[in-house]
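>>> This is the structure alone, sequence omitted:
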């Protein structure tokens with residue numbers, strides 16, 4: 001029995017309140033569903049990585065090692081070779097072998113370097129896990 005039509009209003013208010021407040025059980029289900037989606041995405045990426053590694057072409061299977069070696073070369077230049085070059089440059093300028101107005105070679109953009117290398121190292125750590133579990137080429 002609906003007195004003064006309040007039943008519909010009470011139902012509507014209850015539905016709005018239920019939509020606004022999420023229970024712990026609902027949050028847990030949502031978190032579990034999100035983890036399942038992330039696991040599926042990671043498994044898909046692992047499958048793509050495995051197929052790329054099997055490919056006979058160096059342009060498909062070798063892109064990660066190539067980027068890794070470029071990163072190693074950039075790190076070696078930035079943190080080993082460049083400081084020695086600057087020091088040698090100053091010594092050579094003081095000795096008159098290099099003109100005083102000539103500037104030393106440039107530094108690399110380390111922000112871009114770190115973004116690339118951390119991405120590659122993250123991908124490389126997945127391969128380390130694969131190797132420890134006995135997954136080989």
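Here it is on my side, so go on. The shown structure was predicted, so the numbers you read here are calculated from the model rather than taken from an experiment. Residues are numbered from 1 along each chain as shown.
>>> only C-alpha atoms for contact and neighbour calcs from this point on.
Noted.
>>> what does the stretch of helix or strand residue 85 belongs to contact?
Assigned by DSSP states H and E, residue 85 falls within helix 82-94. Contact with helix 82-94 is made by 98, 99, 100, 104, 105, 107, as judged by CA atoms under 8 Å, 6 or more residues apart in numbering.
>>> next SSE after it?
Beyond helix 82-94 in the direction of the C-terminus, DSSP H and E gives the next helix or strand as helix 110-132.
>>> what does that next one rub up against?
Looking at what lies outside helix 110-132 - CA under 8 Å, 6+ apart - the contacts are 64, 67, 68, 71, 74, 136.
>>> thinking again about what came up before, let me know the closest of the contacts of helix 82-94 to residue 52.
Of all these, the one sitting nearest residue 52 is residue 107; the distance, using CA to CA, is 33.9 Å.
>>> and the end-to-end length of stretch 51-64?
Distances were taken as CA to CA, to the nearest Å; on that basis the terminal residues of stretch 51-64 are 13 Å apart.
>>> Show the secondary-structure elements that the helix or strand where residue 64 lies is packed against.
In this structure, residue 64 sits in helix 63-76 according to DSSP H and E. Applying 3 or more CA pairs under 8 Å, 6 or more residues apart in numbering; DSSP states H and E, one finds that helix 63-76 makes contact with helix 110-132.
>>> average pLDDT across the helix it packs on?
On average, the pLDDT along helix 110-132 is 73.
>>> do the same with stretch 63-79
Confidence over stretch 63-79, taken as the mean pLDDT, stands at 82.
>>> so what are the domain limits for the protein?
Structural domains annotated on the chain: 7-56, 62-137, as defined by automatic domain parsing.
>>> residue contacts, residue 104?
Taking CA under 8 Å, 6+ apart as the test, what residue 104 contacts is 85, 86, 89.
>>> Ranking by neighbours, what's the top pick from the residues you listed?
Note: the member of the contacts of residue 104 with the most neighbours is residue 89, at 20 neighbours, neighbours being other CA atoms under 10 Å.
>>> how close does residue 131 get to residue 11?
In terms of CA to CA, residue 131 sits 58 Å off from residue 11.
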